[in-house]
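1. The sequence and its predicted three-dimensional model are supplied below.
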Amino acid sequence: MALRDILILPDKRLRLVSKPVARIDAGIRALVEDMFETMYAAPGIGLAAIQVGEPKRIFTADLAKKDEPRQPQVFINPEIVWASEERNVHEEGCLSIPEIYEEVERPAEVKVRYLDLEGETHEIDAKGMLATCIQHEIDHLNGVLFIDHISRLKRERIIKKFTKAARQAAKRAAG
Ligand code: K1U
Ligand code: ZN
């Protein structure tokens, strides 16, 4: 198991469309272990493979509360097969855009089809925070970030802030 670095805005890899997983082999199982370790350490409630630089259609999630046992879930090649007309607003954050939280409106309920690590197909109905988290993570697999769902003015301010910080960090690293 290894802790991986999380890509931070404006890293261009966050805009890649991830590729479906063709075969669930030892490499995929090792990546998923690393993703759980990285997600729990961050800490986060979800993590998409592209956030650790792997453009594969995989995300991990765990929405257990602090005082509850862990409930690790892995979603491989996830697809939203139904979304409700009803919409909900939740505050979202992103491990690739640290310390920024904004309200995002999305379908309140979704039905998701995905593979587990054994290659078995599952379909679940999700609502509440799980529905929000699943949609946020599937967005990552399509190169979409939660700031794409907020006003252009707010989004541009956030991108500017992170671009400036990345430029300053690069300058410092160059000595
Ligand atoms: O994908 C990510 O960047 C992870 C992100 C998932 C997410 C959060 C909120 C709404 C939708 C999706 C996070 O986990 S940000 C951190 C966070 O929300 C959190 C961390 C610790 C405890 C509780 C929440
Ligand atoms: Zn995110």
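-> Nice, thanks for sending it over. Since we're looking at a predicted model, the values are computed, not measured. Ligands and ions are numbered 1, 2, ... in the order given.

2. Off-centre distance for the longest helix seen in the chain?
-> When the chain is parsed with DSSP state H, its longest helix is helix 152-174. With CA atoms, centre = their mean, to the nearest Å as the basis, helix 152-174 stands 21 Å off its chain's centre.

3. likewise stretch 126-139?
-> That offset, for stretch 126-139, works out to 9 Å (CA atoms, centre = their mean).

4. How about it, which residues are buried there?
-> Within stretch 126-139, the residues scored as buried using 16 or more other CB atoms under 10 Å are 126, 130-139. Where you see a C-beta, it was placed from the backbone N, CA and C, and this is true even at glycine.

5. ok, residues contacting the longest helix of the chain?
-> When contacts are defined by CB atoms under 8 Å, 6 or more residues apart in numbering, helix 152-174 is touched by residues 8-10, 97, 100, 102, 147-148.

6. Just confirm yes or no for that helix near ligand 1.
-> No - Helix 152-174 lies out of reach of ligand 1 by CB under 6 Å from any ligand atom, never closer than 13.8 Å.

7. thinking again about what came up before, narrow the contacts of helix 152-174 to those that are buried.
-> 8-10, 97, 100, 102, 147.

8. Looks like K111 contacts E79 (just checking).
-> No - using CB atoms under 8 Å, K111 is not in contact with E79; the gap is 9.4 Å.

9. For the chain, which residues are neighbours of ligand 1?
-> So the chain meets ligand 1 at 43-48, 92-96, 132-133, 136-137, 140 (CB under 6 Å from any ligand atom).

10. What helix or strand is P69 located in?
-> Assigned by DSSP states H and E, P69 falls within no helix or strand.

11. contacting residues for it?
-> Counting by CB under 8 Å, 6+ apart, there are no residues that P69 touches.

12. With that, I have no additional questions.
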